[in-house]
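**Q** using only what follows, build the 3D model:
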Amino acid sequence: MKIQITADLLDGIVLAILKQDDYYGYALTQRVQEVITVSESTMYPVLRRLKRDGFVTTYDQPYQGRNRRYYQITADGEAHLERVRKLWNDYKNSLDQLFNPTGEGNENE
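**A** Presented below is the predicted three-dimensional model:
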């Protein structure tokens, strides 16, 4: 069984990675796949939406005779990332209380 990833959470994952460094699309997809299962066909619409919403910008960099399009987080993207982090932490804490009411097995405490 796989737990479904919401669009907000996927946005947060992408923005958290881009906060660390700029990535081109394929490398970003590979980095996300280290954490969750996601296809390239899922990632590019996410990146287009994040760009449309002003959370990322792009720039092209030549590489072996071609251009790679790099994605970079914006100030608005950083603010959105903080909102997603807060939502995630609230959600995670609620689930932790439900699944581990006595705090057993919770390494974060």
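
**Q** so what touches stretch 17-37?
**A** With contact meaning C-beta atoms under 8 Å, 6 or more residues apart in numbering, stretch 17-37 is reached by 2, 5, 10, 13-14, 38, 40, 43-44, 47, 56, 61, 68-73, 77-78, 81. All C-beta spots, glycine's among them, are computed from the backbone N, C-alpha and C.

**Q** longest helix in the chain, by number of residues?
**A** Longest helix in the chain, counting residues (DSSP state H): helix 75-99.

**Q** buried set for it?
**A** For helix 75-99, a neighbour-count test (16 or more other C-beta atoms under 10 Å) marks 77, 80-81, 84, 88 as buried.

**Q** list only buried entries from the contacts of stretch 17-37.
**A** Among those, the ones that count as buried by 16+ other C-beta under 10 Å are 5, 10, 13-14, 38, 43, 47, 56, 70-71, 73, 77, 81.

**Q** nearest to Ser94, of these?
**A** Closest approach between the buried ones among the contacts of stretch 17-37 and Ser94, by C-beta to C-beta: Ile5, at 17.4 Å.

**Q** ok, the closest one - contacts?
**A** 13, 36, 38.

**Q** please identify which pair of the buried ones among the contacts of stretch 17-37 lies farthest apart.
**A** Ile5 and Tyr70 (23.7 Å).

**Q** quick check: pLDDT value at Gly103.
**A** Gly103 is assigned 68 on the pLDDT scale.

**Q** what do you get for Met1?
**A** So Met1 comes in at 58 (pLDDT).

**Q** where in this protein is pLDDT low?
**A** Scanning the chain for pLDDT under 70 picks out the ranges 1, 103-109.
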